[in-house]
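A.B. asks: Based on what follows, work out the 3D shape:
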Amino acid sequence: MSNSTIQSNLSNLQLELLKLYASGVNDEELLEIKQLLSKYFLKKAVNEATKVANEKNYTPTDFDNWLNKE
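C.D. replies: Sure thing, here's the model as predicted:
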């Protein structure tokens, strides 16, 4: 498989991570990177959920009702 074939099947994020890993990271650094990525995507998800909740005028009571609905 050629390099261009691999690149066309991977996202820009995957390509950047491969470059990083090619330089070698130890287990502690890998854990830190995983935590950074997790926090980044959590923040994006929370921001989007907040945006939708604001657009729909959802209240904390609405969320509580959904969570406690049987």
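A.B. asks: Now find how far off-centre the helix or strand hosting Asp64 is within its chain.
C.D. replies: Using DSSP states H and E, the element containing Asp64 is helix 60-68. A distance of 25 Å separates the centroid of the chain from that of helix 60-68, by C-alpha atoms, centre = their mean, to the nearest Å.
A.B. asks: what does stretch 56-66 give?
C.D. replies: On C-alpha atoms, centre = their mean, the centre of stretch 56-66 falls 25 Å from that of its chain.
A.B. asks: Residue numbering should commence at 49 henceforth.
C.D. replies: Got it, the first residue is 49 from now on, which makes the last one we talked about stretch 104-114.
A.B. asks: Enumerate the positions of it that are buried.
C.D. replies: By 16 or more other C-beta atoms under 10 Å, stretch 104-114 has no buried positions at all. Glycine gets a C-beta too; all of them are placed from N, C-alpha and C.
A.B. asks: who touches that stretch?
C.D. replies: Contact with stretch 104-114 is made by 100-101, as judged by C-beta atoms under 8 Å, 6 or more residues apart in numbering.
A.B. asks: so for it, what's the average pLDDT?
C.D. replies: The average pLDDT within stretch 104-114 is 93.
A.B. asks: low pLDDT regions in the protein?
C.D. replies: By pLDDT under 70, the low-scoring segments of the chain are 49-55, 118.
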